[in-house]
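Visitor: Need the 3D shape of this:
(2 chains)
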There are 2 protein chains.
Amino acid sequence: MQAESFLKLCAAQVEARLEAILPSPNTRPTELHEAMRYSSLAPGKRIRPALCIACAEAVGQVNQAVIDAACAVEMVHAFSLIHDDLPAIDNDNLRRGRPTCHVRFGEAIAILAGDALFAYAFEVVSKMSAPPEVVIHSLTTLATASGSGGLVGGETVDVTSEGKPVDQSTLEYIHSHKTGALMSASCEIGALVGGATADQAYALKQFGHEVGFAFQIADDLLNELSTAEALGKAAGSDRARSKATYPALHGISESRTAASEAIDRAFEHLDSIPNPDTLVALARYSMERVH
Amino acid sequence: MQAESFLKLCAAQVEARLEAILPSPNTRPTELHEAMRYSSLAPGKRIRPALCIACAEAVGQVNQAVIDAACAVEMVHAFSLIHDDLPAIDNDNLRRGRPTCHVRFGEAIAILAGDALFAYAFEVVSKMSAPPEVVIHSLTTLATASGSGGLVGGETVDVTSEGKPVDQSTLEYIHSHKTGALMSASCEIGALVGGATADQAYALKQFGHEVGFAFQIADDLLNELSTAEALGKAAGSDRARSKATYPALHGISESRTAASEAIDRAFEHLDSIPNPDTLVALARYSMERVH
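Guide: Just a heads-up that it's a prediction; the model follows:
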């Protein structure tokens, strides 16, 4: 399937499931539940859920458990965006074309809505209908990818590097942890729940890592090149804050090359995968945005 | 065993294990890892880990998995304290006799250290050496108790009620969610990992709920009656912020009675428990502090 139609299909499935399983905005605490929905259902490409679903499809079956896992990775992503946008961290007012969670609901609710989405992601994975060893492995993968050795670690180095000269190794640390870890985990969990062998799950984890790297560079390029309207957040905002980005360190042309090379490396991990076509399309799509 | 010696023994075991398993402050991101250790190893009674360990002992064996589960509930507690203390929420400067995490490390690191401790709690439980169904049940329990229907939900209602008149049902909501949920989960998880039957685990979950209720009232009473020195945080700080507390709504004498009645109800859940002596001692101890 073409990447764009696959992304749309996944987004529709994941949004419908999130709508159904997120706590109702009519139950207490209503404002918290509203904020959880506001941020996780805000318009987005749902690239992580799509990778999760595509990896399951690439090795086996897409069932309800795969969709639940895809919802969980999207909730972890939404949690990280809410916290990253806070005044004490990136202080962003615009996200996915709408006011950020703390602008809309206040800082206290935003912090707590991030926490609650994070907790709910683990709850959903712990309850998914899959073999016990797959549930446990998925939970370990999700927790490891989210914590101080993954997403949160990457955000920490990103925020503490702000305004300082950033070398290549620090930039790679930020990219591989802040974006790569959850992309990689999305692929690995999708593969596991879809019925992958241990070798296939490991190959798809590596695939996700490379796609995540390319995706982050593409995102940084988009941030440099786009208007705020196309982007849904303030254009050039990374540069304005002197955030560490690949284009800032290496220029636009070399950034495009580095992203393409990462995609080539990603493809090398697909040799043992029975049905890799959608994954290839998604990986190519992540680059098309900036070529 | 006497409650105080049992608490000391549990604290020593849990602190030694946390020291060993928390990411090293010498590995990147060093400041994040320092903050995680600073907050989770700050002096404390470790009442939740003690309940976890006591419940395992009450039905079976205390092994490494029980200690790991006890570390996880303490990390969730530390995460919640870090976030509750933030300027946007309770804005507390003193906790456990030391500057709060954001005062010591700044707001960005404090938010992220809370997130990382929360993630690590799930990682540790997902890796503990216990039967798969026990690991999964423990993870569901921990996630449910932490999220919008538990700890984070209780904190939300607490912070959004600040400065408003609070009725009995709202106060009970806050207590049962903000404190009761994690106390109850600590007991249930300890019981499960210790080898409880389903009925025993359920009874100990109920026990934990009642002890949590009594404990929160006792804490509110202590906050009213103590000096800052004895408390390790600003005395009377709840009243100064006109926070919802049991003593504020019902007075000191009625609060003592309500806590005693909760302890009596807690004891009723111990009928099917083979070895409940330490649990009885811990429940009594939680009240002795305020009589």
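
Visitor: From the contact counts, what lies against the host helix or strand of residue A:155?
Guide: Per DSSP states H and E: residue A:155 is located in helix A:151-161. Secondary-structure packing of helix A:151-161 (3 or more C-beta pairs under 8 Å, 6 or more residues apart in numbering or on different chains; DSSP states H and E): helix A:64-85, helix A:168-175, helix A:181-194, helix B:30-40, helix B:107-126. Heads up, the C-betas are built off the backbone N, CA and C, glycines and all.

Visitor: hmm, the last one in reach of chain A?
Guide: Meaning helix B:107-126. Yes. Using C-beta under 8 Å from any C-beta of the partner chain, helix B:107-126 reaches chain A at B:107-109, B:111-112, B:114-116, B:118-120, B:122-123, B:126.

Visitor: out of these, who's nearest residue B:62?
Guide: residue B:126 (20.2 Å; C-beta to C-beta).

Visitor: ok, that closest one - contacts?
Guide: Residues near residue B:126 by C-beta atoms under 8 Å, 6 or more residues apart in numbering or on different chains: A:136, A:139-140, A:143, B:135, B:139.

Visitor: which residues touch stretch A:207-217?
Guide: Stretch A:207-217 is contacted by residues A:47, A:51, A:55, A:175-176, A:178-188, A:246-247, A:255-256, A:258-260, A:262-263, A:265-266, A:269-270, A:279, A:282-283, A:286-287 when judged by C-beta under 8 Å, 6+ apart.

Visitor: 7 Å - rerun?
Guide: By C-beta atoms under 7 Å, 6 or more residues apart in numbering or on different chains, the residues outside stretch A:207-217 that reach it are A:47, A:51, A:175-176, A:179-180, A:183-184, A:186-188, A:246, A:255, A:258-259, A:262-263, A:265-266, A:269-270, A:279, A:283, A:286-287.

Visitor: Near chain B, list only the ones from the residues you listed.
Guide: Among the contacts of stretch A:207-217, no residue lies close to chain B (C-beta under 7 Å from any C-beta of the partner chain).

Visitor: among those, which ones are buried?
Guide: A:47, A:51, A:175-176, A:179-180, A:183-184, A:186-188, A:246, A:255, A:259, A:262-263, A:265-266, A:269-270, A:279, A:283, A:286-287 (16 or more other C-beta atoms under 10 Å in any protein chain shown).

Visitor: For the helix or strand residue A:48 falls within, name the packing helices and strands.
Guide: Residue A:48 is part of helix A:47-59 when elements are defined by DSSP H and E. Other elements packing on helix A:47-59 under the criterion 3 or more C-beta pairs under 7 Å, 6 or more residues apart in numbering or on different chains; DSSP states H and E are helix A:3-21, helix A:64-85, helix A:181-194, helix A:198-225, helix A:277-288.

Visitor: Using a markdown table, lay out those helices together with mean pLDDT.
Guide: Below are the helices and strands packed on helix A:47-59 laid out as a markdown table (pLDDT from 0 to 100):
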| stretch | mean pLDDT |
| --- | --- |
| helix A:3-21 | 97 |
| helix A:64-85 | 98 |
| helix A:181-194 | 98 |
| helix A:198-225 | 93 |
| helix A:277-288 | 92 |
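
Visitor: Please work out which of those is packed deepest.
Guide: helix A:181-194 (a mean of 30; mean count of other C-beta atoms under 10 Å in any protein chain shown).

Visitor: and the angle from it to helix A:277-288?
Guide: Orientation check (axes from the mean of the first three to the mean of the last three C-alpha atoms, to 10 degrees): helix A:181-194 against helix A:277-288 gives 170 degrees.

Visitor: just checking, what packs against helix A:181-194?
Guide: Helix A:181-194 is packed against helix A:47-59, helix A:64-85, helix A:132-146, helix A:151-161, helix A:198-225, with contacts defined by 3+ C-beta pairs under 7 Å, 6+ apart.

Visitor: mind putting those in a markdown table, distance to residue A:274 included?
Guide: Formatted as a markdown table, the helices and strands packed on helix A:181-194 follow (distance: least, C-beta to C-beta, whole Å):
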| stretch | distance to residue A:274 |
| --- | --- |
| helix A:47-59 | 6 |
| helix A:64-85 | 16 |
| helix A:132-146 | 18 |
| helix A:151-161 | 30 |
| helix A:198-225 | 8 |
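
Visitor: Now residue A:13. Nearest residue, chain neighbours left out?
Guide: Nearest residue to residue A:13, sequence neighbours excluded (C-beta to C-beta, 6 or more residues apart in numbering or on different chains): residue A:67, at 5.7 Å.

Visitor: And for residue A:250?
Guide: residue A:258 (7.0 Å).

Visitor: before we move on, the earlier item: quick check: of the contacts of residue B:126, which lies closest to residue B:95?
Guide: Within these, the smallest distance to residue B:95 is 25.3 Å, found for residue A:143 (C-beta to C-beta).

Visitor: Pretty sure residue A:166 sits in a helix.
Guide: No. Counting by DSSP: H, G, I helix; E, B strand; the rest coil, residue A:166 is not found in a helix; it is coil.

Visitor: Contact partners for it?
Guide: Residues in contact with residue A:166 (C-beta under 7 Å, 6+ apart) are A:244, A:249.

Visitor: still on that earlier bit, who's in contact with the residue nearest to residue A:13?
Guide: For residue A:67, the contact set (C-beta under 7 Å, 6+ apart) comprises A:13-14, A:17.

Visitor: Assign a three-state SS to the residue nearest to residue A:250, would you?
Guide: State at residue A:258, reduced to three classes by three-state DSSP: helix.

Visitor: From residue A:252, how far off is it?
Guide: 11 Å (C-beta to C-beta, to the nearest Å).

Visitor: outside of stretch A:148-161, which residues touch it?
Guide: For stretch A:148-161, the surrounding residues in contact (C-beta under 7 Å, 6+ apart) are A:80, A:84, A:89, A:144-146, A:170, A:173-174, A:177-178, A:181-182, A:243-244, B:23, B:28-29, B:31-33, B:36, B:108-109, B:112, B:115-116, B:119-120.

Visitor: tell me how far the ends of stretch A:270-289 are from each other?
Guide: End-to-end span of stretch A:270-289 (C-alpha to C-alpha, to the nearest Å): 22 Å.

Visitor: what separates that stretch from the chain centre, distance-wise?
Guide: Relative to the centre of its chain, stretch A:270-289 is centred 17 Å away, using C-alpha atoms, centre = their mean, to the nearest Å.

Visitor: Outside of that stretch itself, list whatever touches it.
Guide: Here stretch A:270-289 makes contact (C-beta under 7 Å, 6+ apart) with A:1-4, A:6, A:50-51, A:54-55, A:57-59, A:199-200, A:203-204, A:207, A:211, A:214-215, A:218, A:222, A:259-260, A:263, A:266-267.

Visitor: One more: stretch A:14-34?
Guide: A:36-37, A:40-41, A:46, A:49, A:67-68, A:70-71, A:74, A:105, A:109, A:112-113, A:116, A:124, B:148-149, B:153, B:156-157, B:160, B:173.

Visitor: Let's see that with 8 Å instead.
Guide: Contact with stretch A:14-34 is made by A:36-37, A:40-41, A:46, A:49, A:53, A:67-68, A:70-71, A:74-75, A:105, A:109, A:112-113, A:116, A:120, A:124, B:148-149, B:152-153, B:156-157, B:160, B:173, as judged by C-beta under 8 Å, 6+ apart.

Visitor: The helix holding residue A:48 vs helix A:181-194, what angle?
Guide: With the same axes, to 10 degrees defining the directions, helix A:47-59 sits at 30 degrees from helix A:181-194.

Visitor: Can you give the distance of helix A:47-59 from its chain's centre?
Guide: Centre to centre, stretch against its chain (C-alpha atoms, centre = their mean), the figure for helix A:47-59 is 12 Å.
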